[in-house]
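Trainee: output the structure for:
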Amino acid sequence: MTVANNLGLDSPMPLFEHGRIWLATTPVPWTYRINGLTLIASQAFEGNVYSDDNWFVFMNKRRSAVRILHYQEDSVLLLEKSFLGESRFPKVSHSPDCGPFMELSRSEISVMLSPYSQ
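Mentor: Next up is the predicted model:
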């Protein structure tokens, strides 16, 4: 099953096909949209969010929803998915060594977004 299917998209969008996937280690205010999420990512990556092929995954405080931010050549993609039931996201260490984002593999993000994961 593709990540696009896990997000509930009917079309086979090539999500996460290229680039690196970054999960924010702390929840973000759910009122943040493109500009607020871009600001968070820009501060962590020193403004390189527009040129690099990165996917930024943000979760809400209850860990029951996700927003995914990705910049393409001349546009920005913002996806959102809410989950019913238990949290879908791993507990993240808040040690001093852990930065504002941790890298995820394609298989990890696929499992996290799967409607069938427990």
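Trainee: buried stuff in stretch 69-76?
Mentor: Leu69, His70, Tyr71 (16 or more other C-beta atoms under 10 Å). To be clear about C-beta, it is placed using only N, CA and C from the backbone, and glycine gets the same treatment.
Trainee: can I get it as CSV, trimmed to CA atoms?
Mentor: Written as CSV, here are the backbone C-alpha positions of stretch 69-76 (Å, rounded to 0.1, in the frame of the first residue of the first chain):
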residue,chain,number,x,y,z
LEU,A,69,4.5,20.3,4.5
HIS,A,70,6.4,20.0,1.2
TYR,A,71,7.8,22.7,-1.1
GLN,A,72,7.8,21.9,-4.8
GLU,A,73,9.3,23.9,-7.7
ASP,A,74,6.8,26.8,-7.6
SER,A,75,4.2,25.7,-5.1
VAL,A,76,3.7,24.3,-1.6
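Trainee: show the average pLDDT along that stretch.
Mentor: Averaged over stretch 69-76, pLDDT sits at 84.
Trainee: could you list the low-pLDDT ranges of the protein?
Mentor: 1-14, 85-98, 115-118 (pLDDT under 70).
Trainee: please enumerate the helices of it.
Mentor: Assigned by DSSP state H, the chain shows helices spanning 3-6, 34-44, 106-113.
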